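>>> the following comprises the amino acid sequence and a computationally predicted model.
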Amino acid sequence: MIDIAASSLAIIPGFNSIWSFFEKGGVFMIPLVITSVAALAAIVYKILSLTPNRVIPADLAKEVSQFDQHLAAGTEQPILRKFQEGNSALARLGAVAAKHRGRSHSRITTAIESFARAEILHLYAGIGLLDVVITIAPLLGLLGAASGLVVIFQGFGETTNHVVIARGIAEALTTTIFGLAIAVPAVIANGIFLRRIEVLAARLVVLLGGLAHAFPPHR
């Protein structure tokens with residue numbers, strides 16, 4: 001069945017060279033391919049989950065920064081409705097602040113901080129999978145390299161088998177290259193996402209700190 005599928009896909013330009021590359025890597029290419037798919041899924045998920053509309057929408061951030069002015073003018077109801085819709089991390093935390101309005105600033109801040117921990121943990125979702133990929137991909141590449149070395153040594157004997165040696169070298173180099181090719185983009189993406197999360201978390205702290213002080217406590 002695999003041979004049929006491979007022969008049917010051989011008409012695609014460049015497929016033969018790609019198939020040959022994976023074929024040279026041997027059995028360790030299977031977990032490496034799975035690892036690459038997991039890395040790609042995690043990267044796509046983080047790109048989508050860290051968009052401004054999901055964390056800090058620009059229009060809502062502007063309204064939150066001017067919330068005291070909206071309170072003074074009596075135009076805060078549209079913002080409170082956005083909070084209740086909960087379409088972003090800022091909106092959900094804003095709803096927590098609105099729910100505790102009338103209490104002291106310290107109590108509002110404490111309530112926001114409690115819920116903010118959960119929101120920030122949600123921002124880190126998917127980072128753990130990238131960490132696993134960064135660790136596993138090079139190790140799988142090294143396992144493939146070790147397997148290739150075994151094949152190479154099997155080619156040595158009273159009569160040197162150059163075909164077996166060539167196959168072992170190809171396996172060793174292919175798995176090592178593929179493992180590093182998975183790990184390097186994952187490391188870069190992981191660093192970018194962590195920095196992005198730090199910036200977003202700091203921005204949330206600033207906005208929500210101002211929001212907590214905008215609600216006047218009941219006398």
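Looks like it arrived, so ask away.

>>> scan the protein for its longest helix.
Longest helix in the chain by number of residues (criterion: DSSP state H): helix 162-214.

>>> let me know the average pLDDT across that one.
For helix 162-214, mean pLDDT rounds to 86.

>>> that one - contacts with which helices or strands?
helix 15-25, helix 29-49, helix 58-65, helix 67-73, helix 89-99, helix 105-123, helix 127-155 (3 or more C-beta pairs under 8 Å, 6 or more residues apart in numbering; DSSP states H and E). For the C-beta atoms, the positions are set from N, CA and C on the backbone; glycine is no exception.

>>> quick one: mean pLDDT over the last one.
Yep, that's helix 127-155 we're talking about. In the prediction, helix 127-155 has an average pLDDT of 83.

>>> so how far is residue 95 from residue 210?
Separation of residue 210 from residue 95 (C-beta to C-beta, to the nearest Å): 16 Å.

>>> for these two, indicate the residue with more neighbours.
Legend: neighbour count by other C-beta atoms under 10 Å for residue 210 and residue 95, higher for residue 95 (17 against 14).

>>> surely that one and residue 82 touch.
No - the pair residue 95 / residue 82 is not scored as a contact, 9.0 Å apart, by C-beta atoms under 8 Å.

>>> residue contacts, residue 79?
60, 63, 64, 67, 70, 94 (C-beta atoms under 8 Å, 6 or more residues apart in numbering).

>>> the third one - nearest residue in space that isn't next to it in sequence?
Using C-beta to C-beta, 6 or more residues apart in numbering and skipping the chain neighbours, the partner closest in space to residue 64 is residue 207 (5.0 Å).

>>> any idea how many residues pack against that neighbour?
So residue 207, with other C-beta under 10 Å, has 20 neighbours.
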